[in-house]
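Asker: here is a sequence together with a model predicted from it:
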Protein chains: 4
Amino acid sequence: MSLRRKLYVIVFGTETKAGRRFDLVLLWLILASVLAVMLESISSVGSKYSELFFRIELIFTVIFSIEYLLRIFISPKPLNYIFSFWGLIDLISILPTYLIVLFPNFHYLLIIRSIRLMRVFRVAKLVRFTAEGKMLGEALKSSYYKISTFLFTVLITVTVMGTVMYVVEGPVNGFTSIPQSIYWAVITITTVGYGDIVPSTVVGKLVSSMVMVIGYAIIAVPTGIFTVEMFKSVSHRTECKICKHKNESLAKFCSNCGNPINEHLEEFESKS
Amino acid sequence: MSLRRKLYVIVFGTETKAGRRFDLVLLWLILASVLAVMLESISSVGSKYSELFFRIELIFTVIFSIEYLLRIFISPKPLNYIFSFWGLIDLISILPTYLIVLFPNFHYLLIIRSIRLMRVFRVAKLVRFTAEGKMLGEALKSSYYKISTFLFTVLITVTVMGTVMYVVEGPVNGFTSIPQSIYWAVITITTVGYGDIVPSTVVGKLVSSMVMVIGYAIIAVPTGIFTVEMFKSVSHRTECKICKHKNESLAKFCSNCGNPINEHLEEFESKS
Amino acid sequence: MSLRRKLYVIVFGTETKAGRRFDLVLLWLILASVLAVMLESISSVGSKYSELFFRIELIFTVIFSIEYLLRIFISPKPLNYIFSFWGLIDLISILPTYLIVLFPNFHYLLIIRSIRLMRVFRVAKLVRFTAEGKMLGEALKSSYYKISTFLFTVLITVTVMGTVMYVVEGPVNGFTSIPQSIYWAVITITTVGYGDIVPSTVVGKLVSSMVMVIGYAIIAVPTGIFTVEMFKSVSHRTECKICKHKNESLAKFCSNCGNPINEHLEEFESKS
Amino acid sequence: MSLRRKLYVIVFGTETKAGRRFDLVLLWLILASVLAVMLESISSVGSKYSELFFRIELIFTVIFSIEYLLRIFISPKPLNYIFSFWGLIDLISILPTYLIVLFPNFHYLLIIRSIRLMRVFRVAKLVRFTAEGKMLGEALKSSYYKISTFLFTVLITVTVMGTVMYVVEGPVNGFTSIPQSIYWAVITITTVGYGDIVPSTVVGKLVSSMVMVIGYAIIAVPTGIFTVEMFKSVSHRTECKICKHKNESLAKFCSNCGNPINEHLEEFESKS
């Protein structure tokens, strides 16, 4: 096995001991760099040790740059990696520091820097949580359309209710515009309830109460959708030995090919 | 096929390419008109470009008026359309501008104008979300009585608890009247918690805590109801004509007797 | 049938047309009296029309007194009715006015008056919602122990977390005592979040975040419990014709008596 | 049976009448001591009766010290008890008072004192709730990985969203640092919504709305996970030794072959 292939297994894989160790080191480096960014953002700390934080930042950038170049070097198809989701994340997580060095007053790069946090996602693949995460992902994916429909309905509801409240309460009571009122409706229907915008009129309180009760009741919808999908994805199935179709747990004949299912049923769950 | 019939398929239908394109254009027009209304409501924007918004509004009204007349013209039974839900929505969404032109100071028309947003619902039919939306609708419909009972119980609870808090806290602490206290109870039981009215006395805080815990625990009720209905509506079953066994919805062969399930499947749900 | 028996069927029953009409009239009277109490509590309205409200109150009291005496008169066992739950509610809902007439400055009677609202519960029996309400009640009853365990755990959690926050934040930051801190913990764990007491220190915010996430995650517990109970109470069952045991839907032999279940299965749902 | 053995059954066991009575007395002593600590923390009460509370505290400490020594004495393996979870709790719940007597100004002992509240957990074992609590515990345990994955995702989301808001809103609008912004994100995504930190800019409100809707929708995830686990843990099955059919948990006869299910039931769960 060539060095490049060996490195590939370590850097991209999680099956070998070295691969897991590499990922673990990376995980801690990412967490440390995220922590450094956080601490720097606290003005009392950041201004005092600005020099130190800048140096730490440089070190992390150098490390992550090496990692980035390494990944490009060992990829079988470097361009595929570069333009992949994770490739772009890797690039974006080192770019800000270079840009800061070149254009020291470019403050909006903070927004780019924050994307570095997304590196954390990559390491999420690491642990044995993978199987679980995958199942959750599948349940979410298969309930995608239903949840979209739900969110679409919520969107229309907050638009209508926000407009109604704008008419009812008006700019005098903090409902300064329709978008602002829709923002209020989102706060209310999701039961967050900051309390920065609240109804003052009697009619407004009545409408609010309706929005609250709607929000309280329809939380049932995404929950119901997701629970059913979860249930379907964990439910027991009996596999047909001939056509590999997964039948209902008590089936005697395969519902796909009609052959009898053998006595020694191979019952299996979707390994959860 | 007559022109009228052709237009009917385009305007009312979603099966043909032209029909879908018509709906899509309408969707964007509706969204644009809604956006214009929203922007106009922002005082800084609305007062600066009031002339422009008025013109935009006129253009949208002309377009939607044409659509409205077209729908009347091509309907097989125009009166049925005019007095249908969507017919009234269509009328209401053009009426305000005409009224504003005639009576320029009629501010409460905003409330009518806001109903235009309901046009968005119509286009919701468009997309492939339909099947999913229909299932959600059915699950909601079949859990209607149970959820009504639940909401009725919540209503009684907030009335009782609101009155108790009015007695306990009194007008001095912001609980100025029983309706106001009921409004507080709704805010609390739905876990919205604006914080505009909060208990000050020890007994009041105790009662509040109870209301909060009740609200936190009984959210389980609508969720449980809806989840079970969802579950029932997704577990459609196909009956075997020979042994009457109820198979999985996509079964080709009966899992009980192994016979092929006839072409004309008798799909039925668990009659609930 | 004697007059007393006839009246009994009308006043206590809901099966006859006259019985339903009586209940409906009573429902509206109760709602009207509740509304009057609510309106009276609004100081601007109450002080203006205090004379009027007092007269309305007297009329309602007379009507409900007649109803109360009627119920005692027609009951087969009057004492049973008088000391039953509803009998006491009926008494309590007329008592306050009499006491107010006798002792005009007895303000705390408002608390007794508020119990009149519980009369609303009685009418809840009326409508066809009954069957649904009964199922909900059963699901709640059978999940009673589990939900109690859950609430007990929540109680211990808020006690521990409240005490921790009292230690961390202290009286300076609004956490004036352990009970007050527990009140904060209830507000936070139930995701109500009034915002009247909020952490100020860094450690306090960290602990708060933990409490929030706990509250957000464990809402799953009562929901899960209730959903499973709901599911069990609606799930299909096949009744054994011999011992009336309700078997699993696909059973061939009764799991209670071992007899074969006849070909013509009597499938039934728990009438939902 | 020796005295030590007899005491062991009373102190550690819950099967005998004396054992249950001992636990009940202990339960009330713990609740009383917790209540005393709570009352003492209310400054108006605590300062007035500080002498009284100190004496009460001494009495409770003496009682719990006796209990502690008793437990050590009667344990078959005293060291095992001392270093067990409950042994440490028992030690910690008497230690603070001794320390306070020795070092009267050691205020941070309050934090240790608060751990006494954890004694309440022990008594939770007492009641018949045990079976239910065990099932809940099992459902939580088996959904541990899935819920961890979920919480991990929430953690990453609040980190990313908090950072975005720090960039968007900045220190001027209360988002003074990234940790503070993450704290805001936790408040928002869990739908607690204190309202102590709220967005002021238009973009900030837009991002907030997104966070709220995310929080509102993904509450479905832990609920779905837990509901499915609950469902699995209540659907225990009894296997027929003859035809291997899995019957309802309380079946006496196999519903598939009609044979009696042997006395020594092979109860098993769907190994998940």
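Answerer: Alright, I've got the coordinates.
Asker: where do the helices sit along chain A?
Answerer: With DSSP state H as the criterion, chain A has helices at A:3-12, A:17-41, A:43-48, A:50-74, A:78-82, A:85-92, A:95-102, A:109-114, A:119-124, A:129-142, A:144-169, A:178-189, A:202-218, A:220-234.
Asker: mean pLDDT lowest where, among the ones you listed?
Answerer: The minimum mean pLDDT among the helices of chain A belongs to helix A:119-124 (a mean of 44).
Asker: closest one to residue D:28 among the helices of chain A?
Answerer: With Cβ to Cβ, the closest approach to residue D:28 among those belongs to helix A:202-218: 37.7 Å. Bear in mind the C-beta positions are built from the backbone N, C-alpha and C, glycine included.
Asker: who are the packing partners of that closest one?
Answerer: helix A:144-169, helix A:178-189, helix B:144-169, helix B:178-189 (3 or more Cβ pairs under 8 Å, 6 or more residues apart in numbering or on different chains; DSSP states H and E).
Asker: elements contacting the first one?
Answerer: Taking 3+ Cβ pairs under 8 Å, 6+ apart as the contact definition, the neighbouring helices and strands of helix A:144-169 are helix A:178-189, helix A:202-218, helix A:220-234, helix B:17-41, helix B:109-114, helix B:119-124, helix B:129-142, helix D:202-218.
Asker: returning to what we had before: can you list the helices and strands packed on helix A:202-218 in a markdown table and add distance to residue B:30 and mean neighbour count?
Answerer: Compiled in a markdown table, the helices and strands packed on helix A:202-218 are given as follows (distance: least, Cβ to Cβ, whole Å; neighbours: other Cβ atoms under 10 Å in any protein chain shown):
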| stretch | distance to residue B:30 | mean neighbour count |
| --- | --- | --- |
| helix A:144-169 | 11 | 21 |
| helix A:178-189 | 15 | 26 |
| helix B:144-169 | 29 | 21 |
| helix B:178-189 | 32 | 26 |
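Asker: adding distance to residue D:227, write those helices out as TSV.
Answerer: As requested, the helices and strands packed on helix A:202-218 are arranged in TSV below (distance: least, Cβ to Cβ, whole Å):
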stretch	distance to residue D:227
helix A:144-169	16
helix A:178-189	23
helix B:144-169	17
helix B:178-189	22
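Asker: nearest to residue D:168, of those helices?
Answerer: So among these, helix A:178-189 is nearest, using Cβ to Cβ, at 14.3 Å.
Asker: so that closest one versus helix D:178-189, what angle?
Answerer: 70 degrees (axes from the mean of the first three to the mean of the last three Cα atoms, to 10 degrees).
Asker: is any part of helix A:178-189 close to chain C?
Answerer: No. Helix A:178-189 lies apart from chain C when judged by Cβ under 8 Å from any Cβ of the partner chain; the minimum separation is 11.2 Å.
Asker: and the contacts of that helix?
Answerer: A:154, A:157-159, A:161-163, A:165-166, A:169, A:174-175, A:192-194, A:196-197, A:208, A:211-212, A:214-215, B:37-38, B:41-42, B:192, D:193, D:202, D:205, D:208-209, D:212-213, D:216 (Cβ atoms under 8 Å, 6 or more residues apart in numbering or on different chains).
Asker: now which of those would you call buried?
Answerer: A:154, A:157-159, A:161-163, A:165-166, A:169, A:175, A:192-194, A:196-197, A:208, A:211-212, A:214-215, B:37-38, B:41-42, B:192, D:193, D:205, D:208-209, D:212-213, D:216 (16 or more other Cβ atoms under 10 Å in any protein chain shown).
Asker: quick check: residue A:48 vs chain C, distance?
Answerer: Plainly put, residue A:48 is 16 Å away from chain C if you go by Cβ to the nearest Cβ, to the nearest Å.
Asker: actually residue A:28, sorry about that
Answerer: Using Cβ to the nearest Cβ, residue A:28 is found at 21 Å from chain C.
Asker: one more: residue A:201?
Answerer: 14 Å.
Asker: check contacts around residue A:16.
Answerer: A:9-10.
Asker: quick check: phi and psi on it?
Answerer: With angles defined as degrees, to the nearest 10, residue A:16 sits at phi -80, psi 160.
Asker: quick one: it and residue A:27, what's the gap?
Answerer: Going from residue A:16 to residue A:27 by Cβ to Cβ, to the nearest Å gives 16 Å.
Asker: same deal with residue A:12?
Answerer: Separation of residue A:12 from residue A:27 (Cβ to Cβ): 15 Å.
Asker: how about residue A:152?
Answerer: Residue A:152 sits 37 Å away from residue A:27, going by Cβ to Cβ.
Asker: one more: residue A:154?
Answerer: Distance, residue A:154 to residue A:27, by Cβ to Cβ: 36 Å.
Asker: ok, the closest residue to residue A:7 other than its chain neighbours - contacts?
Answerer: Spatial nearest neighbour of residue A:7, excluding adjacent residues (Cβ to Cβ, 6 or more residues apart in numbering or on different chains): residue A:74 at 4.6 Å. With contact taken as Cβ under 8 Å, 6+ apart, residue A:74 is in contact with A:4, A:7-8, A:11-12.
Asker: how about residue A:191?
Answerer: Going by Cβ under 8 Å, 6+ apart, residue A:191 touches A:212, A:215-216, A:219, B:190-193, C:191, D:191, D:193, D:216.
Asker: cool, and residue A:68?
Answerer: Counting by Cβ under 8 Å, 6+ apart, the residues that residue A:68 touches are A:90-91, A:94.
Asker: which residues of the stretch 51-200 of chain A lie near chain C?
Answerer: A:191-195.
Asker: in strands, which of those residues fall?
Answerer: Judged by DSSP state E, these include no members of strands.
Asker: before we move on, the earlier item: can you list the helices of chain A in CSV and add distance to residue B:82?
Answerer: Below are these laid out as CSV (distance: least, Cβ to Cβ, whole Å):
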stretch, distance to residue B:82
helix A:3-12, 65
helix A:17-41, 61
helix A:43-48, 64
helix A:50-74, 65
helix A:78-82, 59
helix A:85-92, 52
helix A:95-102, 60
helix A:109-114, 52
helix A:119-124, 54
helix A:129-142, 42
helix A:144-169, 23
helix A:178-189, 29
helix A:202-218, 29
helix A:220-234, 33
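Asker: out of those, flag the one nearest residue B:20.
Answerer: Closest to residue B:20 of the helices of chain A, according to Cβ to Cβ: helix A:144-169, at 17.7 Å.
Asker: give me the residue from the stretch 1-150 of chain A nearest chain C.
Answerer: Going by Cβ to the nearest Cβ, chain C is nearest to residue A:42 of the stretch 1-150 of chain A, at 9.4 Å.
Asker: once you drop chain neighbours, what's closest to that residue?
Answerer: Per Cβ to Cβ, 6+ apart, closest to residue A:42 is residue D:177, 4.1 Å.
Asker: how close does that neighbour sit to residue D:184?
Answerer: With Cβ to Cβ as the criterion, residue D:177 and residue D:184 are 11 Å apart.
Asker: ditto for residue A:34
Answerer: 17 Å.
Asker: check residue A:148 too.
Answerer: Taken as Cβ to Cβ, the span from residue A:148 to residue D:184 is 27 Å.
Asker: kindly report the same for residue A:54.
Answerer: Taken as Cβ to Cβ, the span from residue A:54 to residue D:184 is 27 Å.
Asker: got it, and residue A:27?
Answerer: 26 Å.
Asker: swap in residue A:76?
Answerer: 44 Å.
Asker: could you do residue A:150 as well?
Answerer: 26 Å.
Asker: repeat that for residue A:171.
Answerer: Residue A:171 is 26 Å from residue D:184, where distance means Cβ to Cβ.
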